[in-house]
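Asks: Requesting a structural model of the entry that follows:
(2 chains)
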Number of protein chains: 2
Amino acid sequence: MGAILVFSPDRAEADAYRRLVADALPGEEVLWSSDLADAAGKIAAAEILLGWRFPPGLLGHGSRLRWIHKVSAGVEDVVAAPDLPSGLRLTRTGGEVIAQRMVEYVLGAIFATTQRFHRAFRQAQESRWESYPVRRARGMTAGVAGLGDIGRSIARGLNANGMTVDGWRRSQGPVDAPLRRLHVGHAALLDFASACDFIVSVLPATRETDHVFSAGVFQAMRATAVLINVGRGNSVDEQALISAVRTRQIAGAFLDVVSEEPLPPENPLWRVENIVITPHVSGPIVPEEVFPDFLENYARFRDGRELLKEIDLNRGY
Amino acid sequence: MGAILVFSPDRAEADAYRRLVADALPGEEVLWSSDLADAAGKIAAAEILLGWRFPPGLLGHGSRLRWIHKVSAGVEDVVAAPDLPSGLRLTRTGGEVIAQRMVEYVLGAIFATTQRFHRAFRQAQESRWESYPVRRARGMTAGVAGLGDIGRSIARGLNANGMTVDGWRRSQGPVDAPLRRLHVGHAALLDFASACDFIVSVLPATRETDHVFSAGVFQAMRATAVLINVGRGNSVDEQALISAVRTRQIAGAFLDVVSEEPLPPENPLWRVENIVITPHVSGPIVPEEVFPDFLENYARFRDGRELLKEIDLNRGY
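Replies: Below is the predicted model:
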């Protein structure tokens, strides 16, 4: 049995995971690190890697690694690592944990839109009291694109607040979520887009999700509709989005993820009225909240049982 | 039987009510008006007055008036009218209808606070991508002050989103709302204040609600707590609030109602960071949504049955 290496570039966070592992698994040897040079020396002794934001070049040194548990829901960086050792298993944090937080961002974005908080903010900067009509989200239709564990949790949260929920995903199959209608495949994307007052993208970054939200989709959307992206930035054609919002083809967007993060100051997305940018804050990873998923999988790994939330390294999700 | 007079200073709105009455009650004589001079001539013939924002001086001309149905939830202006004819009955729109909209403002204010949308807005104005921790509202405690029909509906909406809900009101009695704890009377106000991450005031304007939220209450509140006022402005000592937010005794406020509306540009409330002002938009009165309450009471009035949402003109609510 090799060691467990805990890694995060944030030293306090790495230490938090180290303490959680040491407390829960007193029999294990726990190594921890928060920088590449140090971690590269330690990973050779590790059988298990727990953490995230692994620096390029680290994984190739993990010749004894048998299992990586990434504490976030997205795994595209590990899947794409050119030096990923073979024969490795990869698991991730369950989306339900992260979705509990993400759904509050999504509801906040929806209510901030219907209640026009950004207009209030601008009026307040000018000390201007001027009434405006607000809308009621209850009864509106929200479309959730991507129906993994996060998307399904978000669908339930929207439904609990009186919204009708449509879903879109790439392939057929049962969906445990309160959907009015499930739209399947790229052929159904425009139908899906035209049915929604809000579209919430939870799509992961894979080859198949590049620019799913393109000029054609924006054209199909309602003029009052708003796109909310809490998935990954690659799914949105940002040039087409800017043009769609500027020409009022759609009403706006709430983007917590963008194609280039951090978004550079010169990027025109910053300067489009009705596009709200937040700096990828909607699904924070809180060590105490995500650790139970690792612990459950640790027991399964040691017993040789099936792992939960395991990634198919060929498909990438 | 006298006529039904429909009044709103907004001509389009008065016309909307007129059409609703004419369609639903084809046998009735319907008068309508949107200005004082015209209405003063018509009200003498009216047995029933439907509408709101009645101008000072109008009600005194209603010598045949037997019933006023106000389409809003607040009735303090009618109760206080010096020329209110005696022997009159007064009803109002049920808070559940308005609360369905108000709860979205409250949830929006809570999520905008925990997700720090105002910080995002300011950063975006500077094209600045800078992460910040967000908080999770689920599991936090929201206190609802005022547990009439609107307060109870808001309590249910907060509870449905995973928040613990405490309640405060002036007197004992059963409360049909999912409360962890009911705090009763002024003696319990500080306990209530100290238990909450958010305080939502739904208090109506009565003599007894003046400055319920005073310096002492702000002192008892948590430093991270936020006051949300969707009731009436008189319940907040605004000077004390400004001081409490400026000195970080409390984290901030979302005020949809203030003591002077429209809030004048020179009022210092506009210039306190972390006090968000919205121009009394949280509980809009939509004719189609509030008309059923009138219609139900109309049938009861004609049949001599008990009216719903009737105001005790001595107590004022």
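
Asks: Near chain B, which residues of the stretch 101-250 of chain A? Just list them.
Replies: For the stretch 101-250 of chain A, the residues in contact with chain B (CB under 8 Å from any CB of the partner chain) are A:101, A:104-105, A:107-108, A:111-112, A:114-118, A:120-121, A:123-124, A:127-134, A:136-138, A:157, A:160-162. Every C-beta, even on glycine, is put in place using the N, C-alpha and C of the backbone.

Asks: Now which of the residues you listed would you call buried?
Replies: Buried members of these, counted by 16 or more other CB atoms under 10 Å in any protein chain shown: A:101, A:104-105, A:107-108, A:111-112, A:114-118, A:120-121, A:123-124, A:127, A:129, A:134, A:137, A:157, A:161-162.

Asks: what residue is smack in the middle of chain A?
Replies: A:G231 (4.0 Å; CA atoms, centre = their mean).

Asks: Next, the nearest residue to that one once chain neighbours are set aside: phi, psi?
Replies: Spatial nearest neighbour of A:G231, excluding adjacent residues (CB to CB, 6 or more residues apart in numbering or on different chains): A:L203 at 4.2 Å. Phi and psi for A:L203, reported as degrees, to the nearest 10, are phi -70, psi 140.

Asks: quick one: contacts for A:L203?
Replies: A:L203 makes contact with A:145-146, A:209, A:212, A:231-232, A:235, according to CB atoms under 8 Å, 6 or more residues apart in numbering or on different chains.

Asks: How about A:R156?
Replies: With CB under 8 Å, 6+ apart, A:R156 has these contacts: A:177-178.

Asks: tell me the secondary structure for it?
Replies: Secondary structure state of A:R156, per DSSP: H, G, I helix; E, B strand; the rest coil, is helix.

Asks: Stretch A:65-80 near chain B at all?
Replies: No - residues of stretch A:65-80 are not located near chain B by CB under 8 Å from any CB, the shortest gap being 14.2 Å.

Asks: Can I get that stretch in PDB, CA atoms only?
Replies: The C-alpha coordinates for stretch A:65-80 follow below in PDB (Å, rounded to 0.1, in the frame of the first residue of the first chain):
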ATOM      1  CA  LEU A  65      -0.600   6.000  -8.800                       C
ATOM      2  CA  ARG A  66      -3.700   3.800  -9.000                       C
ATOM      3  CA  TRP A  67      -6.500   6.200  -8.200                       C
ATOM      4  CA  ILE A  68      -7.000  10.000  -8.500                       C
ATOM      5  CA  HIS A  69     -10.000  11.500  -6.700                       C
ATOM      6  CA  LYS A  70     -10.500  15.100  -7.900                       C
ATOM      7  CA  VAL A  71     -12.500  17.200  -5.500                       C
ATOM      8  CA  SER A  72     -14.200  19.200  -8.200                       C
ATOM      9  CA  ALA A  73     -17.000  18.000 -10.500                       C
ATOM     10  CA  GLY A  74     -15.100  18.900 -13.700                       C
ATOM     11  CA  VAL A  75     -12.200  16.600 -14.800                       C
ATOM     12  CA  GLU A  76     -11.300  17.800 -18.300                       C
ATOM     13  CA  ASP A  77      -7.800  18.900 -17.200                       C
ATOM     14  CA  VAL A  78      -6.900  15.400 -15.900                       C
ATOM     15  CA  VAL A  79      -8.500  13.600 -18.800                       C
ATOM     16  CA  ALA A  80      -6.500  15.700 -21.200                       C
END
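
Asks: where along chain A do the strands fall?
Replies: Counting by DSSP state E, one finds strands in chain A at the ranges A:3-7, A:30-33, A:46-51, A:67-70, A:89-92, A:141-145, A:164-169, A:181-184, A:198-201, A:226-229, A:252-255, A:275-277.

Asks: who does the first one pair up with?
Replies: Yep, that's strand A:3-7 we're talking about. Partner strands for strand A:3-7, per DSSP bridges, with pairing direction: strand A:30-33 (parallel), strand A:46-51 (parallel).

Asks: most packed of those?
Replies: Neighbour counts (mean count of other CB atoms under 10 Å in any protein chain shown) averaged over each of the strands paired with strand A:3-7 peak at strand A:46-51, with a mean of 25.

Asks: Run through who's touching it.
Replies: With CB under 8 Å, 6+ apart, strand A:46-51 has contacts from A:1-8, A:14, A:17, A:21, A:31, A:43, A:59, A:62, A:64-71, A:294, A:298, A:301.

Asks: now that strand: mean pLDDT?
Replies: The average pLDDT within strand A:46-51 is 98.

Asks: now that strand: how far from the chain's centre is it?
Replies: Its chain's average C-alpha position is 22 Å from that of strand A:46-51, according to CA atoms, centre = their mean, to the nearest Å.

Asks: Render the CA-only coordinates of it in CSV, please.
Replies: Provided in CSV are the C-alpha atoms of strand A:46-51 (Å, rounded to 0.1, in the frame of the first residue of the first chain):
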residue,chain,number,x,y,z
ALA,A,46,1.7,7.8,-3.7
GLU,A,47,-0.9,5.2,-4.6
ILE,A,48,-3.8,7.7,-4.2
LEU,A,49,-3.9,11.4,-5.2
LEU,A,50,-6.6,13.6,-3.7
GLY,A,51,-7.1,17.2,-4.7
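
Asks: What residues of stretch A:86-102 count as buried?
Replies: For stretch A:86-102, by 16+ other CB under 10 Å, it's A:89-95, A:97-102.

Asks: got it, and stretch A:278-296?
Replies: So, applying 16+ other CB under 10 Å, buried residues of stretch A:278-296: A:278-285, A:287, A:289-291, A:293-294.

Asks: mind listing what A:R53 touches?
Replies: The contact partners of A:R53, by CB under 8 Å, 6+ apart, come to A:7-10.

Asks: And for A:R66?
Replies: A:R66 makes contact with A:2, A:47-48, A:87-89 under the criterion CB under 8 Å, 6+ apart.

Asks: Point out where the stretch 151-300 of chain A drops to low pLDDT.
Replies: By pLDDT under 70, the stretch 151-300 of chain A has no low-scoring segment.

Asks: A:H61 contacts A:A44, correct?
Replies: Yes - assessed by CB atoms under 8 Å, A:H61 is found in contact with A:A44 at 5.8 Å.

Asks: Between the two, tell me which one has more neighbours.
Replies: Remark: of A:H61 and A:A44, A:H61 carries more neighbours, 18 against 14, as counted by other CB atoms under 10 Å in any protein chain shown.

Asks: residues in contact with the more buried one?
Replies: A:40, A:43-44.

Asks: Helices of the stretch 1-150 of chain A, residue ranges please.
Replies: For the stretch 1-150 of chain A, the helices defined by DSSP state H, counting those that start in this stretch occupy A:11-24, A:36-42, A:76-80, A:95-114, A:117-125, A:149-160.

Asks: Let me have the ones you listed in TSV, extended by distance to A:H186.
Replies: Below are the helices of the stretch 1-150 of chain A laid out as TSV (distance: least, CB to CB, whole Å):
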stretch	distance to A:H186
helix A:11-24	38
helix A:36-42	40
helix A:76-80	20
helix A:95-114	23
helix A:117-125	33
helix A:149-160	17
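
Asks: Give the ChimeraX command for selecting the buried subset of the contacts of A:L203.
Replies: Burial among the contacts of A:L203 is assessed by 16+ other CB under 10 Å; the matching ChimeraX selection reads:
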select /A:145,146,209,212,231,232,235
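
Asks: Turn the contacts of A:L203 into a markdown table, columns for distance to A:R305.
Replies: Below are these laid out as a markdown table (distance: CB to CB, whole Å):
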| residue | distance to A:R305 |
| --- | --- |
| A:A145 | 33 |
| A:G146 | 28 |
| A:T209 | 31 |
| A:V212 | 35 |
| A:G231 | 30 |
| A:R232 | 31 |
| A:S235 | 34 |
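
Asks: what about A:E261, how many neighbours?
Replies: A:E261 has 14 nearby residues by other CB under 10 Å.

Asks: how about the closest residue to it other than its chain neighbours, what does it touch?
Replies: Leaving aside its sequence neighbours, A:E261 sits nearest to A:H280 (CB to CB, 6+ apart; 5.8 Å). By CB under 8 Å, 6+ apart, the contact set of A:H280 is A:256-257, A:261, B:131.
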